[in-house]
Structure formats: C-alpha cells, structure tokens
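Provided below for reference: sequence and predicted model.
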Amino acid sequence: MAQMYDRVALIGLGLIASSMFWAMKRGGLAGEVVGFARSAETRETAREIGLCDQVYDTLSEAVEGADLVVLCVPVGVMGAIASEMAGVLKSGATVTDVGSVKADVIAQVGPHLPKGVHFIPAHPLAGTEHSGPKSGFAELFDNRWCLLVPAEGTDPKATAKLRTLWESMGANVEEMDAEHHDLVVAVTSHAPHLIAYTMVGVADDLRRVTDSEVIKYSAGGFRDFTRIAASDPTMWRDVFLSNKDATLEILGRFTEELFALQRAIRQGDGDHLHAYFTRTRAIRRGIIEAGQDTDAPNFGRAVGKK
Ligand code: NAP
C-alpha cells in the first residue's frame, strides 16, 4: 500500500497509539512512525518491544518535522500538550487526535494551533479494556468505524489524506460534527460504561454479604459488565468530565426508562416488558446485520472458557 505520510508522531503510547503503529506498519503507510510518552517506564517498554521507529524523551523532538501528529492521551490533557508542542509544529502539518470526546477536545486544542496547520479531530470506535504500550494490535480497527470531525474550512485534501490513512488501517470512515458525535457516543459508549461501573459497584457491595457468589456465578451477563468496568480509570474519568452534557442527557432518559420498567414489574405488566424486550432484541439483530458484531452464541467464546 502507498506510503501516505513521511513522518508520523504518536503522542502517548497506549492502546490506541500502539494499535495505530502496528496497523501502519502492516500496511507500510508511513515513512517513519515516532513516539513520545510521559513516563520513562512507558518509553522504555516501547523501545523494548519495537513500538515506534524512534521513541523520544521529549515531546518537541517527536513533533519536530512530523507531517502528521496524533494525540493519543486522555482527553483531559490534550490542551496542555497542544500548547506545549505548538511552537515546533511544521507548517502544513496535520494535527489529529483519537479522543473519545470531540467538542471539548476541539475547544482545548484548537486555540493553540498556529495558522498553516490542519486540525482534524478523529475518534476510532474501537478499543478493549486493556491499556498501555503492550496492549495494541494491528487488527484493532479492522471493520470498525472511525469518525472524523473536521472544522468548517478545513482543507479537503488534508481531510481526504487522513481518511485514507484510517481506511488503510482497516477502518470505515464517516464525517460528522462534534455535537452530534458527542451525543452518539454518549448513547453507544459513555452511558453504557457508567451503567457497567455502577452495576459492578453494586455487586461488589453485595459480595460482602454473599461472599464470592458474585464472581462464581458471573456468567449470566454480569461478566460482560465486569469487562467493561475494568477499563482505564483515568481515561473514563476524563470522558465523563468532558462529555458532561450529552452523558447527563442520556442518563436522564435512561433513568426514566428504568423507572417505567420498574413500574411494569411492580404492576405485573408483562405486555409492557415483552414489547420492550422485543424492540431491544431487534436492535441486536440490526447490529449483527450491519457486520458490527458476531452472531455466534455468547460472542463466539470457546465452550468451557467462561
Ligand atoms: P492508554 O492505553 O491508557 O494510554 C494513554 C497514554 O497517554 C499513555 O502513553 C500515557 O503515558 C499517556 N498520558 C496519560 N496521561 C498523560 C499526561 N498527563 N501527559 C502526557 N501523557 C499522558 O489510553 P488509550 O486507551 O490508548 O486512550 C488514548 C485516547 O484514546 C484517550 O483520549 C481515549 O479517550 C481514546 N480512545 C480510547 C479507546 C479505548 O477503548 N481505550 C477507544 C477510542 C478512543 P504513560 O504510559 O507514560 O502514563
């Protein structure tokens, strides 16, 4: 595949950055891919496992001369990093990010970037509950969506180039505005994570009463909540703080629906419950038909591997 950028700088070397590195290497998509991470420990691990052609000890060394800079850090620190690197950005470079929230990141990062630099925020809808430099893999973005949020007036050529990079890393790409993005992911990702965190917290309180039963019998759906609730605490703290309005809007609606189901149970209204569950089952079918998940029983987990 054609090389798209001469020098890509990955800032932050966790799950998403390391997956981008391996995906770019798989496709031969960049001349060189360099990196910077905050801690000496992460930089050392990256060097040991061959993550990045060159790992730098400072942000400015990594950013210098890059024609694509990708911010792969928690959303709460993107503004500070943008401010620190602004002076060394190459004219004509593209700055992008992979943050899970867009309006807040744009407000934090945009004002620091000099004229002549393209800013094209992005969000790959792909991840796992693991984090850190060793957690990435080349296939993470295969057949997943990556949402691009270019500001009005962004050079279409720069956007098209970034779109091609994501497509070449295996993703399907869609463009949308920041507010719409933040509402969509509040429904599909942020509120579900908060619900999983809550459910695991409630079960943990119960465990004090029932000993280890919560873990022992966790196959009945609860196990999937524990997987989601194992996600990185810093990343998710920042997501909720920076996507506050959309998350609160969805949680408000969720609470209303929950109360309606609670009332149906109390009143023995089986028709209401049945109609509701029929509607939700159809949604699952739609996800499978769209190729966004497997139809295999129990998500294709091997029998016996609970
Ligand atoms: P991660 O594995 O936890 O890695 C985060 C990286 O950011 C680490 O290299 C860390 O450096 C660095 N970092 C943390 N705080 C920093 C600070 N204050 N200053 C400078 N660097 C800092 O995270 P990730 O899962 O790759 O997530 C990165 C971004 O992608 C986040 O914005 C997240 O919202 C977004 N995202 C995540 C997922 C997902 O499922 N995980 C999916 C889509 C998008 P050290 O290792 O040195 O601490």
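Everything's here; your move. Numbers count the residues shown, from 1 in each chain.

packing partners of the helix or strand containing A275?
Using DSSP states H and E, A275 falls within helix 270-289. In terms of contacts (3 or more C-beta pairs under 8 Å, 6 or more residues apart in numbering; DSSP states H and E), helix 270-289 is packed against helix 244-267. In this view, the C-beta of every residue, glycine as well, is placed from N, C-alpha and C.

so which bits of the helix it packs on are buried?
By neighbour count on 16 or more other C-beta atoms under 10 Å, the buried set for helix 244-267 is A246, T247, I250, L251, A264.

looking at those residues, which is nearest the ligand?
Distance to the ligand across the buried residues of helix 244-267 (C-beta to the nearest ligand atom) is lowest for T247, with 13.5 Å.

show me the contacts for the closest one.
For T247, the contacting residues are A186, H190, A191, L194, F240, by C-beta atoms under 8 Å, 6 or more residues apart in numbering.

same question, D295
Contact partners of D295, counting by C-beta under 8 Å, 6+ apart, are I288.

where does it fall, secondary structure wise?
Using DSSP H and E, no helix or strand contains D295.

so what are the domain limits for this protein?
Domain assignment for the chain by automatic domain parsing gives 5-176, 180-268.

which strands or helices does the lowest-mean-pLDDT helix or strand in the chain pack on?
Ranked by mean pLDDT, DSSP states H and E, the weakest helix or strand in the chain is helix 213-216, scoring a mean of 73. Based on contacts counted as 3+ C-beta pairs under 8 Å, 6+ apart, the elements that helix 213-216 packs against are helix 191-210.

from the contacts of T247, which is closest to Q108?
Relative to Q108, the closest of these is F240; by C-beta to C-beta it sits at 15.7 Å.

can you get me the start-to-end distance on stretch 44-59?
The first and last residues of stretch 44-59 sit 15 Å apart, counting by C-alpha to C-alpha, to the nearest Å.

that stretch and the ligand, are they touching?
No - using C-beta under 6 Å from any ligand atom, stretch 44-59 stays clear of the ligand, coming no nearer than 8.2 Å.

check stretch 214-227 too.
No - taking C-beta under 6 Å from any ligand atom as the criterion, stretch 214-227 and the ligand are apart, separated by no less than 11.7 Å.

tell me the buried residues in that stretch?
V214, S218, F225, T226.

keep only those of those that are in helices.
When the buried residues of stretch 214-227 are checked against helices (DSSP state H), the matches are V214, F225, T226.

list the contacts for the closest residue to the last one other than its chain neighbours?
Looking back up the chat, that one is T226. With sequence-adjacent residues excluded and distances taken as C-beta to C-beta, 6 or more residues apart in numbering, T226 is closest to V200, at 5.5 Å. The contact partners of V200, by C-beta under 8 Å, 6+ apart, come to F222, F225, T226, A229.

which residues touch the last one?
Yep, that's A229 we're talking about. The contact partners of A229, taken as C-beta under 8 Å, 6+ apart, are H193, A196, Y197, M199, V200, G201.
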